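Chemist: no FASTA, just this:
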């Protein structure tokens with residue numbers, strides 16, 4: 001933090017602007033500074049003074065004002081982020097305990113897209129404490145409690161650019177993909193810490209980067225970057241990034257499905273648009289206790305049937321339309337008729353239809369001779385939903401009935417009613 005300058009001998013005390021005040025003293029005389037401050041209004045003084053500093057500095061140095069935009073001030077001041085405070089202020093309800101896992105999986109999908117490899121592969125490993133057992137909340141089976149997850153991929157890895165983005169709070173590096181820059185913050189909200197190890201190729205050199213991500217002042221602890229020996233067989237090196245989410249906190253663990261089958265189904269549900277668009281790499285779920293491997297692409301193909309073509313629903317004259325995809329899902333123990341609202345290819349909010357649609361309190365029968373029992377799911381997306389999703393991806397920022405109107409545009413009730421009426 002910069003310290004303010006000593007007060008000038010003039011009877012008029014200047015306003016103190018941290019960082020910029022010293023630069024101002026060098027550019028303007030005391031009299032000119034006092035006159036400038038006096039003429040600015042109290043509400044706009046900071047903005048106008050900053051602009052005046054840049055303009056006058058540019059004139060003295062003989063360069064255009066546009067050359068000065070984004071320059072660090074003379075004191076070298078910059079904003080710092082309190083990671084512990086950022087984690088504390090991040091909202092993540094207990095029912096969204098799998099959100100950090102979803103975020104890690106979507107990061108893997110993006111890394112594979114970045115690398116452009118057609119053999120993209122993501123593995124999700126469920127880690128359990130073999131010393132304890134609890135009752136599964138759906139099937140009544142006893143399973144050891146979940147203590148963490150490991151997500152692996154063969155994407156681009158934590159190269160220089162991606163590591164810089166990771167270091168930057170609220171990074172906009174993946175803005176075009178709907179990235180909010182806080183997914184890794186949810187890791188530390190629901191887990192004790194994360195371990196990252198990434199092997200990748202950059203500038204013709206194979207490297208391995210390792211670090212711990214913890215809720216500390218530094219955040220990134222014990223970082224290591226190693227260039228792999230040139231004498232080693234290059235063919236032995238492979239792109240591999242492993243993110244281990246360690247220490248599942250009780251509040252979130254208790255509200256999370258216990259079985260690998262249920263967790264795999266949740267991942268498919270959350271990333272369904274990637275599957276629908278054919279943009280999802282191979283994803284497998286493994287469990288340290290349960291036998292078998294869950295192939296999510298196979299689950300999607302066997303459990304979901306497309307009901308109708310895409311439909312578009314108008315919201316209003318000046319609002320984007322809603323895009324709706326209807327699906328039929330094979331009946332399972334915990335299946336429901338639902339309406340999913342999505343943003344950037346991911347499910348954000350879900351409405352159960354049983355209480356909203358008459359006579360929809362059980363599975364439906366297919367009209368063909370099979371008599372198969374199914375549940376209805378609709379996936380709603382829109383550029384408006386992409387724009388209004390909150391940072392944690394747990395809800396949308398619309399005005400809601402009974403609350404003061406701040407956002408403008410259609411209310412949440414209008415959006416959900418339009419989707420329900422279709």
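Modeler: Here it is on my side, so go on. The structure displayed is predicted, hence computed values, not measured ones.

Chemist: which stretches in the stretch 51-200 of the chain count as helices?
Modeler: Along the stretch 51-200 of the chain, the stretches classed as helices by DSSP state H, counting those that start in this stretch are 83-89, 99-115, 160-167, 183-190.

Chemist: let's have those helices in a markdown table, adding mean neighbour count, mean pLDDT and distance to residue 238.
Modeler: The way it works is simple: take the backbone N, C-alpha and C, and place the C-beta from them, glycine included. Listed next are the helices of the stretch 51-200 of the chain as a markdown table, based on neighbours: other CB atoms under 10 Å; pLDDT from 0 to 100; distance: least, CB to CB, whole Å:
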| stretch | mean neighbour count | mean pLDDT | distance to residue 238 |
| --- | --- | --- | --- |
| helix 83-89 | 14 | 88 | 32 |
| helix 99-115 | 22 | 94 | 12 |
| helix 160-167 | 16 | 91 | 17 |
| helix 183-190 | 23 | 91 | 24 |
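
Chemist: reformat those as a markdown table; add distance to residue 202.
Modeler: Listed next are the helices of the stretch 51-200 of the chain as a markdown table, based on distance: least, CB to CB, whole Å:
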| stretch | distance to residue 202 |
| --- | --- |
| helix 83-89 | 27 |
| helix 99-115 | 12 |
| helix 160-167 | 7 |
| helix 183-190 | 21 |
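
Chemist: and of those helices, who's closest to residue 365?
Modeler: Counting by CB to CB, residue 365 lies closest to helix 99-115 out of these; the figure is 32.4 Å.

Chemist: hmm, back to that, for the helices of the stretch 51-200 of the chain, which one sits closest to residue 237?
Modeler: When those are compared by CB to CB, helix 99-115 sits nearest residue 237, at 14.0 Å.

Chemist: which strands and helices sit next to that closest one?
Modeler: Helices and strands touching helix 99-115, as assessed by 3 or more CB pairs under 8 Å, 6 or more residues apart in numbering; DSSP states H and E, comprise strand 121-128, strand 146-153, helix 183-190, strand 240-248, helix 260-270.

Chemist: out of these, nearest to residue 421?
Modeler: helix 260-270 (23.5 Å).

Chemist: following the closest one, which helix or strand comes up?
Modeler: Next helix or strand after helix 260-270 toward the C-terminus (DSSP states H and E): helix 272-276.

Chemist: list the pairing partners of the helix or strand following that following helix within its sheet, with orientation.
Modeler: Remark: after helix 272-276, the chain's next helix or strand is strand 282-287, criterion DSSP H and E. Strand 282-287 sits in its sheet next to strand 121-128 (parallel), strand 293-295 (antiparallel), going by DSSP bridges.

Chemist: tell me which residues touch residue 246, please.
Modeler: When contacts are counted by CB atoms under 8 Å, 6 or more residues apart in numbering, residue 246 touches 147, 148, 191, 192, 193, 194, 195.

Chemist: look up how far residue 296 lies from the nearest residue to it once chain neighbours are set aside.
Modeler: Nearest non-adjacent residue to residue 246, counting by CB to CB, 6 or more residues apart in numbering: residue 148, 4.7 Å away. The gap separating residue 148 from residue 296 is 20 Å, by CB to CB, to the nearest Å.

Chemist: likewise for residue 247?
Modeler: For residue 247, the distance to residue 296 - CB to CB - is 25 Å.

Chemist: okay, those two: which has more neighbours?
Modeler: Between residue 247 and residue 296, counting by other CB atoms under 10 Å, residue 296 is the more crowded of the two (23 against 13).

Chemist: now for that one: which residues touch it?
Modeler: By CB under 8 Å, 6+ apart, the contact set of residue 296 is 264, 267, 268, 275, 280, 283, 284, 285.

Chemist: what about the residue nearest to residue 246, neighbour count?
Modeler: Look at residue 148: counted by other CB under 10 Å, it has 22 neighbours.

Chemist: what pLDDT does the model give residue 366?
Modeler: pLDDT recorded at residue 366 is 75.

Chemist: I'd say it and residue 375 touch.
Modeler: No - at 11.5 Å, residue 366 and residue 375 do not qualify as touching, with contact defined as CB atoms under 8 Å.

Chemist: compare these two (neighbour count), which wins?
Modeler: Set side by side, residue 366 and residue 375 give different neighbour counts by other CB under 10 Å, the larger being at residue 375 (19 against 12).

Chemist: and the more buried one, how far from residue 336?
Modeler: Distance from residue 375 to residue 336, counting by CB to CB: 6 Å.

Chemist: what of residue 296?
Modeler: With the distance defined as CB to CB, residue 296 ends up 20 Å from residue 336.

Chemist: which of the helices of the stretch 51-200 of the chain sits closest to residue 305?
Modeler: Closest to residue 305 of those, according to CB to CB: helix 99-115, at 23.5 Å.

Chemist: just checking, residue 225 is part of a strand?
Modeler: Yes - using DSSP: H, G, I helix; E, B strand; the rest coil, the assignment for residue 225 is a strand.

Chemist: just to revisit the earlier point, right, so the strands paired with strand 282-287: which one is the most enclosed?
Modeler: Across the strands paired with strand 282-287, averaging neighbours per residue (mean count of other CB atoms under 10 Å) puts strand 121-128 on top, at a mean of 20.
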